[in-house]
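Student: for reference, the sequence and a predicted model appear below.
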Amino acid sequence: MSNQIPVQNITPPPKKDTTTVDLYASREKIYTRAFTGIFRNLRMAGGALLFLLYFGTVWLDWGGHQAVWWNLPERKFYIFGATIWPQDFILLSGLLIVAAFGLFFITVFAGRVWCGYTCPQSVWTWIFMWCEKVTEGDRNQRIKLDKAPMSANKFVRKLGKHSLWLIIGFVTGLTFVGYFAPIRELVIEFFSGQADGWSYFWVGFFTLATYGNAGWLREQVCIYMCPYARFQSVMFDKDTLIVSYDPRRGEKRGTRKKEVDYKAQGLGDCIDCTMCVQVCPTGIDIRDGLQIECIGCAACIDACDTIMDKMHYPRGLISYTTEHNLSGQVTHKLRPRLIGYAVVLLVMIGLLAGAFFMRSLVGFDISKDRVLYRENAEGRIENVYTLKIMNKDQVDHTYVLDASGLPDLKLQGRREFRVPAGEIFSMPVELSSAPEQLPSSTNEVIFSLKDADDSSSHVEAKSRFIGPQIR
Ligand code: SF4
Ligand code: SF4
């Protein structure tokens, strides 16, 4: 008989170190369920419009060239009937400011509708998700496929998905570069190997950027990379439209049989089917309250409304609402901040439109030659200048030059210049005066340029006429 005492290890397991917080959470892949509904249709309409504008506009011609074209070598921006020159780039800055105020106004009024319906990141991601569904099947099939070991079927499906993503990425990249290099020539040169190296580089870059952002990064772009997502929550107030779950109606959530009186069981309208979570492109549960990850796409509204219809409950358990509404208070549609943004927006649109339509369509510059003056055979004092005329219009113009400011001033040589649309014309011009008619050794002269076809178009430039010292 053994006299050994049986020993049991009673050392408690080490306590979890609660002072260490993991700052990095690895991404869990989101398998989004496909769904239908009013808001999905609205989103598709917004996406289709954006696609049409993006892929269609680049092929339009206007006034003999591409309608929208950043002509970087010549530093001109064509936008339909207008040409924006470097001197007019302040207008583009104004346009960006107007767009920013427009976005602020929309955000205060309707939350993240831009993100959910028209942001290119969202629209391209929805398209990529559709490719995923076509090649790999619905949500459950995709989960199963990812868990399965590699097989011919899996390989072909994955290959199909990535090929579709790359094709869309390539067409997107080529179109983007087409806004900077005329698309018709670019396409021909690109496929015949004649395009320059930079064109190949940028098309490749934007192909991969589209493939990476819409295929792989997806919601991470919205959550971690987009600056607008970060600061727009400070623009929200209690009357801003948000996508929200109504806990007063939904809780206590739980499964139930249709025929059983669930209210008697203390249950709310939420049957805890998790459809709202499964359709969410950012993988959140809207029932946990408003979260920064929510892009306001309303997919969860469509999903939940479908469930409510099936259960014969009223729609709207998840809906567009406001914090005031949720807490039983009145929503104020017109409020000072919203009115303030609207007023600023209207004023800025007015100023921008005024600046755009009143901008001069002729650029005029006179610079004096470095030689101070010379005396010609007739004993007159001559000054030479370089004249520069920019025809910023889309049609040719004839301009008439004149000079004034001195009693005996004469403009020598040509006075009329025909300048083709969008061209810069440059040539030397000479002024002369009898020396005894000069009031001083340095005198102000005024050059004026008139449009021969439009008497209201008239620009002036000042310069100096230099003569000998007067004793
Ligand atoms: S879809 Fe509606 S019913 Fe289903 S879990 Fe979400 S909130 Fe509840
Ligand atoms: S919670 Fe709803 S509205 Fe927000 S991102 Fe998810 S599905 Fe879209």
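Tutor: That came through fine. Numbers count the residues shown, from 1 in each chain. Ligands and ions are numbered 1, 2, ... in the order given.

Student: show residues contacting the longest strand belonging to the chain.
Tutor: Criterion DSSP state E: the longest strand present in the chain is strand 454-466. Contact partners of strand 454-466, identified using CB atoms under 8 Å, 6 or more residues apart in numbering, comprise 360-362, 364-368, 372-373, 381, 383, 385, 397, 405-406, 409, 431, 433, 438, 441-451. The C-beta positions use only the backbone N, C-alpha and C, and glycine is treated the same way.

Student: quick check: residues of the chain near ligand 1?
Tutor: Within the chain, the positions lying close to ligand 1 (CB under 6 Å from any ligand atom) are 245, 250, 253, 270-276, 287, 303-304, 307, 317-318.

Student: follow-up on the earlier one: which of the contacts of strand 454-466 fall within helices?
Tutor: With DSSP state H as the criterion, helices contain none of these.

Student: drop anything exposed from the residues you listed.
Tutor: Buried by 16 or more other CB atoms under 10 Å: 361-362, 364-366, 368, 373, 381, 383, 385, 397, 405-406, 409, 431, 433, 438, 443, 445, 447, 449-451, out of these.

Student: for the chain, which helix is longest?
Tutor: In the chain, assigned by DSSP H, the helix with the most residues is helix 152-178.

Student: now do the buried residues in it.
Tutor: Buried residues in helix 152-178, defined by neighbour count with 16+ other CB under 10 Å: 157, 161, 164-165, 168-170, 172-178.

Student: just the buried residues of the helix or strand that it is followed by, please?
Tutor: Sequence-wise, the next helix or strand downstream of helix 152-178 (DSSP states H and E) is helix 183-192. Applying a neighbour-count criterion of 16+ other CB under 10 Å, one finds Ile183, Leu186, Phe190 buried in helix 183-192.

Student: just checking, next helix/strand downstream of the host helix or strand of Arg248?
Tutor: Element membership of Arg248, judged by DSSP H and E, is helix 247-250. Using DSSP H and E, the helix or strand that follows helix 247-250 in sequence is helix 275-278.

Student: sort out which residues of the next helix-or-strand element following that following helix are buried, please.
Tutor: Once the chain leaves helix 275-278, the next helix or strand it forms, by DSSP H and E, is helix 299-311. Neighbour-count burial for helix 299-311, with 16+ other CB under 10 Å as criterion, is recorded at Ala299, Cys300, Ile301, Asp302, Ala303, Cys304, Asp305, Thr306, Ile307, Met308.

Student: let me have those in CSV, extended by pLDDT.
Tutor: Formatted as CSV, these follow (pLDDT from 0 to 100):
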residue, pLDDT
Ala299, 97
Cys300, 97
Ile301, 98
Asp302, 97
Ala303, 97
Cys304, 98
Asp305, 97
Thr306, 97
Ile307, 96
Met308, 96
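
Student: among these, which are within reach of ligand 2?
Tutor: Contacts with ligand 2 within these, as defined by CB under 6 Å from any ligand atom: Ala299, Cys300.

Student: can you list the domain ranges for this structure.
Tutor: Here the domain parsing of the chain from automatic domain parsing is 38-87+110-226, 89-109+237-359, 362-466.

Student: mind putting the ones you listed into TSV with distance to Thr32?
Tutor: Below are these laid out as TSV (distance: least, CB to CB, whole Å):
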stretch	distance to Thr32
domain 38-87+110-226	6
domain 89-109+237-359	6
domain 362-466	47
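
Student: next one: phi and psi at Pro428?
Tutor: Backbone torsions of Pro428, given as degrees, to the nearest 10, read phi -80, psi 140.

Student: verify the stated contact: it with Glu382.
Tutor: No. Using CB atoms under 8 Å, Pro428 makes no contact with Glu382, being 11.1 Å away.

Student: who has more neighbours out of those two?
Tutor: Using other CB atoms under 10 Å, the more surrounded residue of Pro428 and Glu382 is Glu382, with 19 against 10.

Student: check whether the helix-or-strand element of the chain with minimal mean pLDDT contacts ligand 2.
Tutor: Within the chain, no helix or strand scores below helix 227-232, which has a mean of 82 by mean pLDDT, DSSP states H and E. No. Residues of helix 227-232 are not located near ligand 2 by CB under 6 Å from any ligand atom, the shortest gap being 11.2 Å.

Student: what comes up buried for that helix?
Tutor: The neighbour-count check on helix 227-232 (16+ other CB under 10 Å) flags Ala229, Gln232 as buried.

Student: which residues touch that helix?
Tutor: Leu103, Thr107, Arg112, Trp114, Cys115, Cys222, Ile223, Ile292, Ile295.

Student: do the same with stretch 182-193
Tutor: For stretch 182-193, the external contacting residues (CB under 8 Å, 6+ apart) are 58-59, 65-66, 69, 174-175, 177-178, 194-195, 199-200, 203.

Student: just to revisit the earlier point, hmm, which two among the residues of the chain next to ligand 1 are most spread apart?
Tutor: Arg253 and Ala303 (14.9 Å; CB to CB).

Student: with respect to ligand 2, which of the buried residues of helix 183-192 is nearest?
Tutor: Taking CB to the nearest ligand atom as the measure, ligand 2 lies nearest Ile183 of the buried residues of helix 183-192, at 34.6 Å.

Student: for Phe205, see how far away the closest one is.
Tutor: Per CB to CB, to the nearest Å, Ile183 is found 17 Å from Phe205.

Student: over to Glu74?
Tutor: Distance from Glu74 to Phe205, by CB to CB: 23 Å.

Student: re the thing from before, out of the buried residues of helix 183-192, who's nearest ligand 1?
Tutor: Distance ranking of the buried residues of helix 183-192 against ligand 1, using CB to the nearest ligand atom, places Ile183 first at 44.6 Å.

Student: show the pLDDT at that closest one.
Tutor: Ile183 carries a pLDDT score of 97 in this model.

Student: buried subset of the contacts of helix 227-232?
Tutor: Leu103, Thr107, Arg112, Trp114, Cys115, Cys222, Ile223, Ile295.

Student: hang on, Leu95 packs against Ile349?
Tutor: No. Contact criterion CB under 8 Å: Leu95 and Ile349 do not qualify, at 9.9 Å.

Student: in this protein, where is pLDDT below threshold?
Tutor: The chain contains residues with pLDDT under 70 at 1-25, 470-471.

Student: possible to save the buried residues of helix 299-311 as JSON lines with distance to Lys392?
Tutor: Formatted as JSON lines, these follow (distance: CB to CB, whole Å):
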{"residue": "Ala299", "distance to Lys392": "47"}
{"residue": "Cys300", "distance to Lys392": "51"}
{"residue": "Ile301", "distance to Lys392": "49"}
{"residue": "Asp302", "distance to Lys392": "49"}
{"residue": "Ala303", "distance to Lys392": "53"}
{"residue": "Cys304", "distance to Lys392": "55"}
{"residue": "Asp305", "distance to Lys392": "54"}
{"residue": "Thr306", "distance to Lys392": "56"}
{"residue": "Ile307", "distance to Lys392": "59"}
{"residue": "Met308", "distance to Lys392": "59"}
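
Student: and which of the buried residues of helix 299-311 is nearest Arg335?
Tutor: Each of the buried residues of helix 299-311 was scored against Arg335 by CB to CB, and Ile301 proved nearest at 24.2 Å.

Student: kind regards, and thank you for your time.
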